[in-house]
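Student: Requesting a structural model of the entry that follows:
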Amino acid sequence: MGATIRNPILSGFHPDPSICRRGEDFYIANSSFQWWPGVPIHHSRDLAHWELVGYALTRTSQLDMDGTLDSAGIWAPCLSYCEADGLFHLIYTNVNRHSRYSPFETPNYLVTAPDPRGPWGEPVFLNRSGFDPSLFHDADGRKWLVNMCMDGRPGAETLFAGILLQEYSPKDKRLVGPVTNIFRGTDLGATEGPHLFRRGEWYYLIVAEGGTGYGHAMTMARSRKITGPYEVHPENPMMTARDTDLPLQKAGHGQLVETPGGEWYGVFLCGRPRGGRFCVLGRETAIERGSWGEDGWFRFDSPHPRVEVPAPSPPPAPMAPPPRRDDFDSPTLALPFNTLRMPPGEEVSLTARPGWLRLRGTPRPIETNRRNTLVARRVQHRDFDAATLMEYRPADASQAAGLVCFYGHANYYWLRVSYHEDQGVVLELAQRCGGEPALAARVPADWKQYHLRVAARDDKYQFGASPEPRRGASPDGAEWIDVGPPQDGNILSDESASRFGAAFTGAFVGMAAVDLSGAGLGADFDFFEYEGTPT
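Tutor: Numbering: from 1, shown residues only. From the prediction side, this is the model:
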């Protein structure tokens, strides 16, 4: 084997990939759920090396998630490019669900841009009949929307009622004509994530089936008429890890792309379980090569996900790795950083103290579904080190700030500086895995500055601190003190979080501040470092 691509190509919380190509440039869009900005977009020239170049949804006029539940928000966007109009199109669902017992609301929207880096236009409302919408540009100039049909009636056997097709009019900016259910799915069930394309005289439909867990799969069907009927691939499913013990699991929900040299690849989501099938890194993006047979069906080189895949013929085009350390010298947050549900407001500032990130605590806990003060980035490695230097002076037990490892409101670790009426200023390690938050450790620490870190090794998270006072200096390792014993990283996994609600995202690491007193006490962070060990 010559040059290879190593999976996953997008590690850590990059599910539901949608891929497209313009010329020699490939782009992938992924689900972002309740994290802001919405829909990260990565760019590559060789399918192996990828760079985050921006987000599609960066304004509240495009995306309103205030109050939405964990793992609601943006589900399975579709990114496409139409050469005829020179525009990129992004279709997305903003799943509105404000409690685990409330029904799904699935408004679907379209935004366009001449460059996927943005800015993207204002949204066009499409429908609300189900999630996972996708736009197909036919050779005759017509555009067609497909989305899963959601059956929310009481007593319905399943939520998944097939794939709906309707024409979209760019002139009128709305859907027109009849709605047709073109595919009811196979015995795998849970038919969703549709993508439609044409090759020769056939229309091909790719869907995700079997649920997004360990029974996940990609299914292909085809028809000579866009409205069907569609026949299923004779070797269905075309990609899956179900009933295997492969290192890459949960394979499904994907899309195909052709290279400039005429080679074909498909991207799909996957998970890397460890220690009892826990996926601490969430659902990630993988790739596989394939080809078209004489019978007109596409087949992957392997119908099961592989760690290494042959690379396409163009020479490798490596991307510069993101910097290990952010010194907060820019007036805006770097691309890897996200906030929850809403864009940063006055509680997040990079200008109040130049060279520092100031987080003002809000009178809401970090578990809130409303605006809070939490800035974090994806965990993309099983083994990683993250650290920051904080200046903070709490005077009340309702005030806390520090380093957070966060999955959702019911699953997190928070190494924080707070105040105790008997001990004064303290370092606390708060932990939550459902139920009420608990303290894993508390030590007096009345310091001027706080170096805080977490070292993750084999899914064990060791939190530590150091009072090293020199600005920007890295403390000597001998000066660190452990705050509590090693903690179980598996509580930050999809599987652990799913016990307390929907869990479709992944682990984040970053900084957070809370001030329940309402005084808005600020914590200043001098830098943030993240360094992972490739697995």
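
Student: From here on, just use CA atoms for contacts and neighbour counts.
Tutor: OK.

Student: Tell me who's in contact with Pro486.
Tutor: The neighbours of Pro486, taking Cα atoms under 8 Å, 6 or more residues apart in numbering as the test, are 460-463.

Student: Tell me what the nearest residue to Asn108 once chain neighbours are set aside is bridged to.
Tutor: The spatial neighbour of Asn108 that comes closest, neighbours along the chain excluded (Cα to Cα, 6 or more residues apart in numbering), is Thr93 at 4.5 Å. Each beta-bridge partner of Thr93 is listed here: Trp75, Asn108, as defined by DSSP bridges.

Student: now swap in Asp515 and tell me
Tutor: With DSSP bridges applied, Asp515 shows beta-bridge pairing to Gln399.

Student: For it, the count of nearby residues, please.
Tutor: Burial of Asp515, expressed as a neighbour count using other Cα atoms under 10 Å, amounts to 23.

Student: Now do it, the pLDDT please.
Tutor: Note for Asp515: predicted pLDDT of 97.

Student: my guess is it meets Arg364, correct?
Tutor: Yes: under the criterion of Cα atoms under 8 Å, Asp515 makes contact with Arg364 at 7.3 Å.

Student: Buried residues of whichever strand or helix holds Gln255, list them for me.
Tutor: Secondary-structure assignment from DSSP states H and E places Gln255 in strand 249-258. By neighbour count, with 16 or more other Cα atoms under 10 Å as the criterion, the buried positions of strand 249-258 are 249-257.

Student: how far is the following helix or strand past it from where the chain is centred?
Tutor: Towards the C-terminus, the helix or strand next in line after strand 249-258, according to DSSP H and E, is strand 264-271. Taking the mean C-alpha point of strand 264-271 and that of its whole chain, the gap between them comes to 15 Å (Cα atoms, centre = their mean, to the nearest Å).

Student: And the helix or strand following strand 264-271, what's buried?
Tutor: Using DSSP H and E, the helix or strand that follows strand 264-271 towards the C-terminus is strand 283-292. By neighbour count on 16+ other Cα under 10 Å, the buried set for strand 283-292 is 283-291.

Student: Would you mind putting the CA coordinates of strand 283-292 into PDB?
Tutor: Coordinates of the C-alpha atoms in strand 283-292 are reproduced here as PDB (Å, rounded to 0.1, in the frame of the first residue of the first chain):
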ATOM      1  CA  ARG A 283     -18.800  10.400  17.100                       C
ATOM      2  CA  GLU A 284     -16.100  11.200  14.700                       C
ATOM      3  CA  THR A 285     -15.600  11.400  10.900                       C
ATOM      4  CA  ALA A 286     -14.000   8.500   8.900                       C
ATOM      5  CA  ILE A 287     -13.400   7.800   5.200                       C
ATOM      6  CA  GLU A 288     -13.200   4.800   2.900                       C
ATOM      7  CA  ARG A 289     -12.400   4.400  -0.800                       C
ATOM      8  CA  GLY A 290     -14.700   2.600  -3.200                       C
ATOM      9  CA  SER A 291     -15.600   2.100  -6.900                       C
ATOM     10  CA  TRP A 292     -18.500   1.400  -9.200                       C
END
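
Student: Give me the residues contacting the helix or strand following that strand.
Tutor: Scanning the chain past strand 283-292 towards its C-terminal end, the next helix or strand to appear is strand 298-300 (assignment: DSSP H and E). Counting contacts by Cα under 8 Å, 6+ apart, the residues outside strand 298-300 that touch it are 238-239, 265-266, 288-293.
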